[in-house]
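Asker: Sequence and predicted structure, then a few things I'm wondering about:
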Amino acid sequence: MNQDSSHYDAVISDLEGKRDRLSGMIEALKQLKDLGVPMAAIDAVVGGTPNVSIKTAIPADAFYGMKISDAARKYLSWGGRKITKPHPELCDALLEGGFQTKTDNFREVVRSTLGRHPDFVKIKGQWGLKEWYGDRATKRRVRRVILEEVGASDSDSSASATESEDEKE
């Protein structure tokens, strides 16, 4: 029982420390708000801090009337930061921002569209913009260019098998 008590004490102490840090951050944000500092400036500074995230609200019409690739590019470039986003978060953000769709499988449509688009890359399961990574191209993109040059299609069985392996990256 004494060992359990020390575990409780350690967890309580850790949570109280986090609470105190959060209270300090809240007070600082209130002061910055009163001074009229824009939230985008705060998010740009705090967003890079480990274990801290400030989610800015996505305007309801941010992606209204846009194509998937344009909306995804806008979302990934928001705030001028180069941060990859997991697929579900990207899809949810597009819908939250007013992207209009009638499909029941929106996530699959986004995955398929961005996967074929030359401006997007998937790094460890997260979407990013190819321009962030310079000339480094994925094997899949290089292979697609080669196949297009020789007039072959991506539906070849060997290409399909290799693409499936690349998708796991």
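Answerer: Perfect, thanks for sending it.

Asker: Name the SS class of Ala60, please.
Answerer: Here Ala60 is recorded as coil under DSSP: H, G, I helix; E, B strand; the rest coil.

Asker: nope, Leu15 is what I meant
Answerer: Using three-state DSSP, the structure places Leu15 in helix.

Asker: Please tell me how far it sits from Tyr64.
Answerer: Using CB to CB, to the nearest Å, one gets 41 Å for the distance from Leu15 to Tyr64. In this view, the C-beta of every residue, glycine as well, is placed from N, C-alpha and C.

Asker: Quick check: Arg107 vs Thr101, distance?
Answerer: Distance of Arg107 to Thr101, computed by CB to CB: 10 Å.

Asker: Also Gly134?
Answerer: When distance is defined by CB to CB, Gly134 is 32 Å away from Thr101.

Asker: between these two, which one's more packed in?
Answerer: Using other CB atoms under 10 Å, the more surrounded residue of Gly134 and Thr101 is Thr101, with 13 against 7.

Asker: Am I right that the more buried one is in a helix?
Answerer: No - Thr101 is assigned coil when assessed by three-state DSSP, not a helix.

Asker: so what's it up against?
Answerer: Neighbour list for Thr101: 95, 109 [criterion: CB atoms under 8 Å, 6 or more residues apart in numbering].

Asker: Quick check on it: phi, psi?
Answerer: Listed backbone geometry of Thr101 is phi -150, psi 150, with angles given as degrees, to the nearest 10.

Asker: what about the helices in this structure?
Answerer: If DSSP state H is used as the criterion, the helices of the chain fall at 2-35, 39-46, 68-76, 87-96, 106-116, 139-150, 157-167.

Asker: weakest of these in terms of mean pLDDT?
Answerer: Out of the helices of the chain, the stretch the model trusts least by mean pLDDT is helix 157-167, with a mean of 43.

Asker: so how far does stretch 88-107 reach from one end to the other?
Answerer: Across its full length, stretch 88-107 reaches 7 Å between end residues, using CA to CA, to the nearest Å.

Asker: In that stretch, which residues are buried?
Answerer: Neighbour-count burial for stretch 88-107 flags 90-91, 93-95, 97-99, 106 (criterion: 16 or more other CB atoms under 10 Å).

Asker: Okay then, goodbye and thanks.
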